[in-house]
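# Just the structure for this:
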Amino acid sequence: MSSVNKEVITGNEAISRGFYEGGGIVAASYPGSPTVEIIEKLKSYDDVYSEFSTNEKVATEVAIGASMYGVRSMVTMKHVGVNIAADPLMTFTQTPTNGGFVLVTGDDPGLSSSQNEQDNRVWAKFASMAVLDPSDSQEAKDFTKLGLEMSEKFQGPTMLRITSRLCHSRGIVELNDRIEDNVKEFDRNKEKYCMIPPASQDAQFFIKDRIKKLEEHAYNLEINRLEERENTDTLIITSGLMYNHVKEINPNASIWKLGMVYPISEKKAKEITNKYDKVLVIEEMTPFIENELKLMGIQCEGKKYFNFTGELDISDIEKGLYKSDVLKNKKEYEESSQKTIARPPLFCSGCPHRPVFDILKKSKTKIVVGDIGCYSMASLFPFEQSNSIISMGASIGMAKGMRKAMTMIAKEEPVVAVIGDGTFFHSGIPSFVNLLHQKKDNENITYIVLDNRTTAMTGGQHNGSSGNFNERDDMQVNIKSLLKSIGFNRVKEIDQYNYDSTKKLIDEEIAYEGLSVIVANGPCALKYKLNKPHFYVDPEICIGCRTCIKTNCPPLRMKKYEGIEKLKSSIDKEMCVGCSICAQVCPVNAIKSSAGLNKEGENIDN
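Predicted coordinates:
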């Protein structure tokens, strides 16, 4: 007899649970918001192997291998990760799936943690994959299981598309027992899995037939449900979180809620829409469903009333429904007189990246090519030390391209590029190898690898060098040794927390006429819980120059001391982790360590 209980869990946790209940065996991912929590949660299930791979392509290949061998597998990533995974994915869609395979993509309407807002439903259509779009945590769990089943039934990967808001929102989910009897035998049929002509040519007909079968299956698919309302000439077609928003508004309209948004049954769509005079599509980002319906010859409207970018909240949908005359009694929306004060992101207390960018700012370097990671925040005030941020690992090749352009047009100025250790292992190594191709000794480029021994921006997952700093991680690649073995002659290491030595080295390498690499080491203060004796400011010595404040460390602020007219700097001892950077930049030694103080703050060294 199966046991059933309920829990309140996030959409991410629900996907993990669905994979577990569905008999999933192997899951892989590269950490990227908003889907990181899926693999983190899977680590609590002993019956599932899960890993954070070095990048999304590798993660996809791990899951493909498991699926091909005959077990149910899953790969998860944020939306831009599918771009990295596309190479194996686009060919894998040509092979008949053995064990069920689900690709989870965390789309990010509103770009809350991303460099773009791409809609991966478009990727799925390009790759001939079915797309499931859950609207709450219960559906996130159920659709994961359904995706595995559909993958096996229709012999292709299934995309589970979830958005940031739903990833982190909580809902009541019914938990069930695990399915254990779904392992298949490995099929050694080369024509199925060796995708070279003529096998891959024949596979095009297999793909086309699969989509046709999926469309026929969609006709009676229960997760696509029509909620009819009497005395209305309006039909709203929607999916995902938008369905819940529409239900809360409760307009006078029938609702066709799509659980599978691709492919859509043309026969069913025409049967339903023919009953209504007005058909509205409510979806975030691109008009994907709207365009699919229009390709079928169905008259409908959507982005005419609803924004093509950003999240659509209830007020956005209400405004669109008023514009379309579905809602009649228009509300007046007043702008709040009290604006929310902006809180720009900043490096954590004790972050080892802080001194590097403080030094770069003082160096007056004009070209700093940035990359994806915590250090992306260096593009913001007060450092403003990144001229470009495009994609994971792009800084390496872009800096080379800039420098080659300078050579070709006889321009001379230093170029600096930064990359984090996680990004270095994700996609930086091939670019570093490429740097040696047609290298000229007098081309000035300085590369700084910021090695904090973790993938910090997404919560402190391991990367290829993490094992050098702690015993929990089994990947122990030494970045300097690796670069040396590739063929780089000028590779230097420095402790980022040693401000003067780091400044001296960075200045020297920027001035060097040639290619050089600095590996700047320092543990992530948050991941490794840096906690040394805090520092404090002696207001009698402080001259109020704000040099320490400009390092942008959270514990530092200017304040009024009793009996002192001028504002002086101060340090919140509860936030300070003792990294000492502020003390090292202070020109008058007004900032001191509390190591020599007793509990009352009195100096015990005297």
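
# ok, now which ones touch Asp500?
Shown in contact with Asp500 (CB atoms under 8 Å, 6 or more residues apart in numbering): Gln584. All C-beta atoms are positioned from the backbone trio N, CA, C, and that covers glycine.

# Just confirm it is within a helix.
Yes. Asp500 sits within a helix when classified using DSSP: H, G, I helix; E, B strand; the rest coil.

# Do you know the pLDDT at it?
Note on Asp500: pLDDT of 95.

# part of a helix, is Cys167?
Yes. Using three-state DSSP, the secondary structure at Cys167 is a helix.

# show me what contacts it?
Counting by CB under 8 Å, 6+ apart, Cys167 touches Thr10, Gly11, Asn12, Pro34, Thr35, Glu37, Gly106.

# now the helices for the stretch 251-400 of the chain?
Under the criterion DSSP state H, counting those that start in this stretch, helices of the stretch 251-400 of the chain are mapped to 266-273, 288-295, 314-323, 353-362, 394-408.

# Could you list every helix and strand in contact with the longest one?
Judged by 3 or more CB pairs under 8 Å, 6 or more residues apart in numbering; DSSP states H and E, helix 394-408 is in contact with strand 368-369, strand 415-420, helix 429-435, strand 445-451.

# same question, the fourth one
In terms of contacts (3+ CB pairs under 8 Å, 6+ apart), helix 353-362 is packed against strand 445-451, helix 499-511, helix 581-585.

# go with 10 Å
Here helix 353-362 touches strand 368-369, strand 415-420, strand 445-451, helix 499-511, strand 515-521, helix 581-585, going by 3 or more CB pairs under 10 Å, 6 or more residues apart in numbering; DSSP states H and E.

# so what strands line up beside the second one?
Taking DSSP bridges as the criterion, strand 415-420 pairs within the sheet with strand 368-369 (parallel), strand 445-451 (parallel).

# what angle do the last one and strand 515-521 make?
When axes from the mean of the first three to the mean of the last three CA atoms, to 10 degrees is applied, the directions of strand 445-451 and strand 515-521 differ by 20 degrees.

# For strand 445-451, give the mean pLDDT please.
In this model, strand 445-451 has a mean pLDDT of 96.

# chain center to that strand, what's the gap?
On the basis of CA atoms, centre = their mean, to the nearest Å, strand 445-451 sits 23 Å off its chain's mean C-alpha point.

# Tabulate the contacts of Cys167 (CSV), appending distance to Thr547.
Putting the contacts of Cys167 into CSV (distance: CB to CB, whole Å) gives the following:
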residue, distance to Thr547
Thr10, 43
Gly11, 45
Asn12, 43
Pro34, 38
Thr35, 41
Glu37, 40
Gly106, 41
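
# one step back: winner for burial among the helices of the stretch 251-400 of the chain?
Among the helices of the stretch 251-400 of the chain, ranked by average contacts under mean count of other CB atoms under 10 Å, first place goes to helix 353-362 (a mean of 24).

# Now do that one and helix 499-511, the angle between them.
Using the same axes, to 10 degrees, helix 353-362 lies at 50 degrees relative to helix 499-511.

# just how off-centre is helix 353-362 within its chain?
25 Å.

# With just CA atoms, put that helix into CSV.
Presented in CSV, the C-alpha positions along helix 353-362 are these (Å, rounded to 0.1, in the frame of the first residue of the first chain):
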residue,chain,number,x,y,z
HIS,A,353,37.6,40.2,-5.4
ARG,A,354,37.3,43.6,-3.8
PRO,A,355,41.0,44.5,-3.6
VAL,A,356,41.6,43.5,-7.2
PHE,A,357,39.0,45.9,-8.6
ASP,A,358,40.0,48.6,-6.2
ILE,A,359,43.5,48.3,-7.5
LEU,A,360,42.3,48.2,-11.1
LYS,A,361,40.4,51.4,-10.6
LYS,A,362,43.4,53.2,-9.1
